[in-house]
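J.: Return a 3D structure for these sequence lines:
(one chain, ligands or ions: 2)
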Amino acid sequence: MDKQLEKLYQDQIKNEWYSAYLYLSMAAYFESINLEGFAHWMYKQAGEEQEHGKKMFQFLIDRGIKVVLQAIPQPPADFASAVEVFEKSLEHEQKVTALINGIADMADKCNDRPSKVFIQWFITEQVEEEKNASRILDLLKKIPANSAGIFQLDHQLSKRE
Ligand SMILES: [Fe+2]
Ligand SMILES: [Fe+2]
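T.: Ligands and ions are numbered 1, 2, ... in the order given. Just a heads-up that it's a prediction; the model follows:
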């Protein structure tokens with residue numbers, strides 16, 4: 001595999017684990033304000049991000065490349081509100097989408113065929129990721145603070161499989 005392309009994957013493994021860390025930090029915030037359904041949603045999200053990281057980890061191994069894990073930056077711990085959490089989530093997913101697109105561009109440039117196929121799954125996944133964050137953000141913006149609506153949404157989010 002081209003060295004520049006490999007570097008993007010090595011970095012993205014860390015970025016996916018950072019995503020998991022960020023969502024775990026958001027879960028901790030929701031636990032601290034007793035919104036357990038929101039926290040549950042964030043635990044599930046964090047688990048998915050670890051799976052993304054592992055998928056890339058395995059792909060490099062399958063290509064005969066040694067994975068070198070990088071330090072995971074500290075995520076933010078303080079959030080002002082549920083709205084702010086989902087604003088940050090959406091913003092984060094948009095950044096990740098740009099990173100994934102960057103890998104896809106490099107895979108094209110290097111004409112690395114397995115990589116071109118592999119990265120498609122992540123491109124599709126990012127559409128889902130942005131959609132999920134923006135839908136919840138949209139709902140939250142419509143709910144007055146400390147109203148029953150927030151508990152209804154909390155209940156709904158507690159159902160995430
Ligand atoms: Fe991800
Ligand atoms: Fe994500």
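
J.: Just give me how far stretch 138-158 sits from the chain centre.
T.: Centre-to-centre, stretch 138-158 and its host chain are 22 Å apart (C-alpha atoms, centre = their mean, to the nearest Å).

J.: pLDDT on it, on average?
T.: Per-residue pLDDT over stretch 138-158 has a mean of 91.

J.: Likewise for stretch 75-92?
T.: 97.

J.: again, but for stretch 32-47
T.: In this model, stretch 32-47 carries a mean pLDDT of 97.

J.: Show me which positions of that stretch end up buried.
T.: For stretch 32-47, a neighbour-count test (16 or more other C-beta atoms under 10 Å) marks 35, 37-43, 45-46 as buried. (Each C-beta comes from the backbone N, C-alpha and C, glycine too.)

J.: So which of those residues is the closest to ligand 1?
T.: The shortest distance between ligand 1 and any of the buried residues of stretch 32-47, using C-beta to the ion, involves residue 45 and amounts to 9.1 Å.

J.: you'd agree the closest one is up against residue 25?
T.: No - contact between residue 45 and residue 25 fails when scored by C-beta atoms under 8 Å: they sit 11.3 Å apart.

J.: quick revisit: mind putting the buried residues of stretch 32-47 into a markdown table with secondary structure and distance to residue 142?
T.: Putting the buried residues of stretch 32-47 into a markdown table (DSSP: H, G, I helix; E, B strand; the rest coil; distance: C-beta to C-beta, whole Å) gives the following:
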| residue | secondary structure | distance to residue 142 |
| --- | --- | --- |
| 35 | coil | 17 |
| 37 | helix | 17 |
| 38 | helix | 16 |
| 39 | helix | 21 |
| 40 | helix | 21 |
| 41 | helix | 18 |
| 42 | helix | 20 |
| 43 | helix | 25 |
| 45 | helix | 21 |
| 46 | helix | 26 |
